[in-house]
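Enquirer: structure for the following, please:
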Amino acid sequence: MELDASLPPVNFSDVPAIARAAEALGFSALWSTETLHDPFLPGAMVAEHTQRISFGTAVAIAFARSPTTLAHTAWDLAQASNGRFILGLGTQVKAHIERRFGMPWPESVVGKLREQIGAIHALWNCWQNGAQLNFRGEYYRLSLMSPFFNPGRIQNPEIPIYIAGVNTGLARLAGEMADGFLVHPFHSSRYLEEVLVPAFRQGQEKAGRSPSALKVSATVFVVTTPEEDAFVRAQIAFYASTPSYRAVMALHGWEAEAEKLSGLAARGQWGEMASVIHDEILDAFAVVCPVDELPGRLASRYGGMVDRLGLYLPFVPGQRDDFWRALVAVL
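Expert: Numbering: from 1, shown residues only. Coordinates of the predicted model:
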């Protein structure tokens with residue numbers, strides 16, 4: 001199991017120092033998010049200022065971009081880093097796609113993402129192998145690639161594509177055609193084992209793929225201090241209030257709590273939501289223990305189920321370096 005780090009929400013100019021520190025501490029990968037900044041721009045700095053560490057987007061919002069722009073950006077970052085880039089894609093939810101990005105929401109989320117990944121691979125095949133570009137689907141039709149726009153071959157064209165999700169549709173799609181699945185922080189080990197893993201297997205069986213073809217990467221809530229306790233309860237409450245994530249709560253019989261959280265969120269009563277997350281919910285969705293027990297508890301809960309592990313904590317050099325070193329040593 002590899003231990004990954006996440007970039008904090010910092011200015012672009014701070015990325016080189018963070019990337020060098022993450023590599024020195026022994027992290028396997030450094031992920032950037034699409035929250036305050038573009039998720040791809042930090043990758044150029046990571047590629048330039050490190051030698052070993054992988055890096056990727058966790059996630060870039062797929063439906064806010066065309067497959068061609070995604071293919072070009074990933075191609076360039078893979079070339080610049082000698083194959084260390086991972087393209088992590090997420091769908092987001094309807095309100096954000098329509099009202100934050102001004103883009104259309106598809107009738108089929110799984111169908112559009114399947115096409116988008118297929119179109120990206122068609123573009124890469126065209127550039128690397130000279131194949132004619134002729135991708136035709138419901139959402140995308142690509143048939144024009146003149147030499148002026150063709151970036152040509154690169155040394156490391158096998159760029160991994162990870163997709164993120166909560167529900168079984170995207171988990172099955174990951175098993176069918178992705179290289180990795182980014183498990184949403186709002187999960188329990190039971191949900192991962194009983195819902196997501198069987199969905200991966202269904203997709204793999206459909207496509208005739210081996211289980212080893214899919215790498216599972218989980219981001220995990222941890223609570224080792226009172227401050228983390230308050231923060232994690234608030235984050236779990238926020239995610240649990242999302243109607244499209246309701247299946248996670250339902251597996252544990254907490255539909256009533258989820259409904260209450262949705263009502264509080266609709267009324268803008270954000271400060272009251274954390275109190276709904278009682279200790280049983282917290283223990284299901286977070287690893288709660290003293291800090292010295294954390295490496296062993298993480299290994300016990302996730303060993304054998306995930307290939308990559310990251311904490312729902314940004315990596316800040318100079319803050320808790322011994323904490324991170326201990327996790328790297330065990331995981």
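
Enquirer: only C-alpha atoms from now on, for both contacts and neighbour counts.
Expert: Noted.

Enquirer: strands of the chain, residue ranges please.
Expert: When secondary structure is read from DSSP state E, the chain shows strands at 2-6, 29-32, 54-57, 60-61, 85-90, 135-136, 141-142, 161-165, 180-183, 215-223, 286-288, 308-311.

Enquirer: direction included, what does the first one pair against?
Expert: Put plainly, it is strand 2-6. Note on strand 2-6: by DSSP bridges, its sheet partners are strand 29-32 (parallel), strand 308-311 (parallel).

Enquirer: same question, the longest one
Expert: With DSSP bridges as the test, strand 215-223 is paired with strand 180-183 (parallel), strand 286-288 (parallel), strand 308-311 (parallel).

Enquirer: which of the ones you listed is buried the deepest?
Expert: Mean neighbour counts were compared across these using mean count of other Cα atoms under 10 Å; the top stretch is strand 180-183, at a mean of 25.

Enquirer: right, and residue 214 touches residue 178 too?
Expert: Yes. Residue 214 is within contact range of residue 178, at 6.8 Å (criterion: Cα atoms under 8 Å).

Enquirer: other SSEs contacting the helix ranked longest in the chain?
Expert: For the chain, the helix with the greatest residue count under DSSP state H is helix 109-129. If you count contacts as 3 or more Cα pairs under 8 Å, 6 or more residues apart in numbering; DSSP states H and E, helix 109-129 packs onto helix 67-80, helix 168-177.

Enquirer: winner for burial among those helices?
Expert: Comparing the helices and strands packed on helix 109-129 by mean neighbour count (mean count of other Cα under 10 Å), helix 168-177 comes out on top with a mean of 24.

Enquirer: what sits against the residue nearest to residue 166 when sequence neighbours are not counted?
Expert: Spatial nearest neighbour of residue 166, chain neighbours left out: residue 184 (6.0 Å); criterion: Cα to Cα, 6 or more residues apart in numbering. Applying Cα atoms under 8 Å, 6 or more residues apart in numbering, we find residue 184 in contact with 164-166, 218-219.

Enquirer: how close does residue 184 sit to residue 153?
Expert: Residue 184 sits 34 Å away from residue 153 when distances are taken as Cα to Cα, to the nearest Å.

Enquirer: all helices of the stretch 151-300 of the chain, in order?
Expert: 168-177, 189-191, 197-207, 226-240, 246-251, 255-266, 279-285, 294-302 (DSSP state H, counting those that start in this stretch).

Enquirer: can you say which of those is nearest to residue 14?
Expert: Evaluated over the helices of the stretch 151-300 of the chain, closeness to residue 14 peaks at helix 226-240, with 24.8 Å, by Cα to Cα.

Enquirer: CA atoms of the closest one as PDB?
Expert: Once non-C-alpha atoms are left out, helix 226-240 reads as follows in PDB (Å, rounded to 0.1, in the frame of the first residue of the first chain):
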ATOM      1  CA  PRO A 226     -10.100  17.200  19.400                       C
ATOM      2  CA  GLU A 227      -9.600  19.700  16.600                       C
ATOM      3  CA  GLU A 228      -9.700  17.000  14.000                       C
ATOM      4  CA  ASP A 229     -12.800  15.500  15.700                       C
ATOM      5  CA  ALA A 230     -14.700  18.700  15.100                       C
ATOM      6  CA  PHE A 231     -13.400  19.200  11.600                       C
ATOM      7  CA  VAL A 232     -14.200  15.600  10.500                       C
ATOM      8  CA  ARG A 233     -17.700  15.600  12.000                       C
ATOM      9  CA  ALA A 234     -18.400  18.700  10.000                       C
ATOM     10  CA  GLN A 235     -17.000  17.300   6.800                       C
ATOM     11  CA  ILE A 236     -18.900  14.000   7.200                       C
ATOM     12  CA  ALA A 237     -22.100  16.000   7.800                       C
ATOM     13  CA  PHE A 238     -21.600  18.000   4.700                       C
ATOM     14  CA  TYR A 239     -21.100  15.000   2.500                       C
ATOM     15  CA  ALA A 240     -23.900  13.000   4.100                       C
END
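
Enquirer: and residue 8, what are its phi and psi?
Expert: Listed backbone geometry of residue 8 is phi -70, psi 170, with angles given as degrees, to the nearest 10.

Enquirer: so who does the closest residue to it other than its chain neighbours touch?
Expert: Leaving aside its sequence neighbours, residue 8 sits nearest to residue 314 (Cα to Cα, 6+ apart; 4.7 Å). Contacts for residue 314 were tallied using Cα under 8 Å, 6+ apart; they are 5-8.

Enquirer: again, but for residue 7
Expert: 15, 18, 30-33, 314-316.

Enquirer: at 6 Å instead, please
Expert: Residues in contact with residue 7, defined by Cα atoms under 6 Å, 6 or more residues apart in numbering, are 32, 314-315.
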